[in-house]
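J.: can't give you the sequence, but here's the structure:
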């Protein structure tokens, strides 16, 4: 199992909208995320930095499944409206794990 983390900078004027959107994630996006094999997907927020974490067996395959799903594409296009211009067009880079206690 792979543990994946990422951080996104949210535009300060869009933080409330970003939070509200994630209170009502589209059912189709939730299903696609499960179908992609992602588990324990969690997003935390500090000021305007969103920190995401999920587990999956194959992150490359999981991202490929989401990238091919029309509902996920629409969702990501919508989420892009909330992100800082400093977020790369191809998404947030994975964060390296530096500590783990099992």
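T.: Yep, that arrived. Please read all numbers here as calculations on a predicted model, not as lab measurements. Numbering: from 1, shown residues only.
J.: what pLDDT does residue 87 get?
T.: pLDDT recorded at residue 87 is 68.
J.: With residue 13 instead?
T.: So, for residue 13, pLDDT stands at 98.
J.: ok, residues contacting stretch 19-26?
T.: Outside stretch 19-26, the residues within contact range by Cβ atoms under 8 Å, 6 or more residues apart in numbering are 43, 45, 71, 75, 78, 79, 82. Where you see a C-beta, it was placed from the backbone N, CA and C, and this is true even at glycine.
J.: top of these by neighbour count?
T.: Within those, residue 82 tops the neighbour count with 22 neighbours, counted by other Cβ atoms under 10 Å.
J.: Residue 52: neighbour count?
T.: 15.
J.: coming back round to it: looking at the contacts of stretch 19-26, which are in helices?
T.: Counted as lying in helices by DSSP state H, out of these, are 71, 75, 78, 79.
J.: The second one contacts residue 29, doesn't it?
T.: By that I understand residue 75. Yes: Residue 75 lies in contact with residue 29 (Cβ atoms under 8 Å); the separation is 4.8 Å.
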